[in-house]
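1. give me a 3D structure for the following:
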Amino acid sequence: MLQSKNPQTLLLYSDEDMGWLTGNREFTLKWSSMLNQVIKRGNKIKIIHTVDRGFDEMLSAIREWVPLYMTGSIEPYYYPRIRDGLFRRTLFIAPDTAAISSGTVGSGTKNAANFLFTNKMTIKALIEEYNDLLSRCRMLMRIFTPHSNDDYLSLLSEFEDEKKDSIIKTDILTNVTMPLGVMESILARTENPGSNHLLSYQQNRIKKFLAGLQKNCFTEVLSLPDPENILAGKVIVNFSDMLNESLLFYTPGEYRQHLQNIIRLLKTYDNYHVHLTSDNHLDGSMIYVREDLGVLFGKTLPPSFIFAINENKMTNAFWDYMNLLIKRESKYKTNRNYTIAELETMVARLEP
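-> Take a look at the predicted model:
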């Protein structure tokens, strides 16, 4: 694929044991890097995920695939029915180049044969087999872009209607904690004809958010930008291209007011938590999970896009993945008083 001059759509499927991929971290990183290069050269990926894997396999899959999904070049599906797992199959197809095929009984991959085909007729037959399986699958995710803004806001409202514990990781302050006055100030700098609608939407969203904190936990895993970038007006508003055709940036005063509101929430609601982190391995992205309900994840920097998942096993795997991220933080960093003190220090540095 890296030598191919013309972009292709790779067809990927495997329900075999993934130890060959995740068992050696050095190989996993090399595989991920090469697949990233394939995508950067304009190739797309169509993949049928296996969602009934064990806990460790699911976590490994999320860890390796989420950065690739952030490229917006992957079209995901899954087979919704139960299988007994006796006969397992792998099909990796580059339609214009080659195909790899293998099969195993159960999890016995140790001495399994792997076949590489370059014959055009053989590749065509395997493509037909893949498409036959694909016709029995469902989309694993719904995908939203700035062009489907209204659909995304409708989904987000439905997503947050359910009373569930939530975890969100982002390196840009979340809109749900943005005070109405700050959004009003930001929208005043745009020519968005739907500003009044967005303000009404934000007002209702804040109302639901605060009501939910009475019984359910809402946890943010948040990394803060350099104060110099805030003071220079270089910090982007979350999903700003969903609100406006051009980029929107916080003024220092708006960012300070947003932080002050987060501090107020921490002091007022025991069920609201913020964990500050310097982990930026998913820079410019968001993962938002509501327990037993679904996942929203995607790229927050333009061009932004969001993937929405409500498949149970994937949701549970993301929930466990996010909890593991939180546990990696040292105890003092997850302390409420520590977090408030850090945020108040930032606020003081932004004083005019």
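2. from here on, contacts and neighbour counts on C-alpha atoms
-> OK.
3. show me what counts as buried in stretch 253-268.
-> Residues 253-260, 262-263, 265-266 are the ones in stretch 253-268 that count as buried (16 or more other C-alpha atoms under 10 Å).
4. Val182 and Gln257 touch, don't they?
-> Yes - the pair Val182 / Gln257 is scored as a contact, 7.2 Å apart, by C-alpha atoms under 8 Å.
5. count the residues that sit near Val237.
-> Look at Val237: counted by other C-alpha atoms under 10 Å, it has 22 neighbours.
6. how near is it to Leu133?
-> 42 Å (C-alpha to C-alpha, to the nearest Å).
7. how close does Gln257 get to Asn238?
-> Applying C-alpha to C-alpha, the value for Gln257 to Asn238 is 15 Å.
8. over to Ser285?
-> The gap separating Ser285 from Asn238 is 10 Å, by C-alpha to C-alpha.
9. quick check: neighbours shared by the two?
-> Residues touching both Ser285 and Asn238 by C-alpha atoms under 8 Å, 6 or more residues apart in numbering: 300-301.
10. got phi/psi on Ile47?
-> Per-residue torsions, Ile47: phi -130, psi 140 (degrees, to the nearest 10).
11. is it in contact with Tyr79, as I believe?
-> No - between Ile47 and Tyr79 there is no contact under C-alpha under 8 Å: 10.9 Å.
12. so what sits against both of these two?
-> By C-alpha under 8 Å, 6+ apart, Ile47 and Tyr79 have no common neighbours.
13. check which element follows the host helix or strand of Met183 along the chain.
-> Using DSSP states H and E, Met183 sits in helix 180-187. The helix or strand immediately downstream of helix 180-187 is helix 195-212, counting by DSSP H and E.
14. against which helices or strands is that following helix packed?
-> For helix 195-212, the elements it packs on are helix 149-161, helix 180-187, judged by 3 or more C-alpha pairs under 8 Å, 6 or more residues apart in numbering; DSSP states H and E.
15. what angle do the shortest one and helix 195-212 make?
-> Per axes from the mean of the first three to the mean of the last three C-alpha atoms, to 10 degrees, the angle that helix 180-187 makes with helix 195-212 is 150 degrees.
16. buried residues in helix 180-187?
-> Going by neighbour count (16+ other C-alpha under 10 Å), the buried part of helix 180-187 is 180, 182-183, 186-187.
17. pull the CA atoms of that helix into CSV?
-> The C-alpha trace of helix 180-187 is given here as CSV (Å, rounded to 0.1, in the frame of the first residue of the first chain):
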residue,chain,number,x,y,z
LEU,A,180,-24.4,31.4,29.0
GLY,A,181,-22.8,34.8,29.2
VAL,A,182,-19.6,33.5,27.7
MET,A,183,-21.4,31.8,24.8
GLU,A,184,-23.4,35.0,24.2
SER,A,185,-20.1,37.0,24.1
ILE,A,186,-18.5,34.5,21.6
LEU,A,187,-21.6,34.3,19.3
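18. now for Tyr13: which residues touch it?
-> By C-alpha under 8 Å, 6+ apart, the residues touching Tyr13 are 47-49, 89-92.
19. again with Met322
-> Taking C-alpha under 8 Å, 6+ apart as the test, what Met322 contacts is Ile167.
20. distance of it relative to Ala188?
-> 36 Å.
21. also Gly106?
-> 60 Å.
22. so for these two, which sits in the more crowded spot?
-> A direct count of neighbours by other C-alpha under 10 Å for Gly106 and Ala188 places Gly106 higher, at 14 against 11.
23. skipping its backbone neighbours, what lies nearest the more buried one in space?
-> What sits nearest to Gly106 in space, not counting adjacent residues and going by C-alpha to C-alpha, 6 or more residues apart in numbering, is Leu86, at 4.7 Å.
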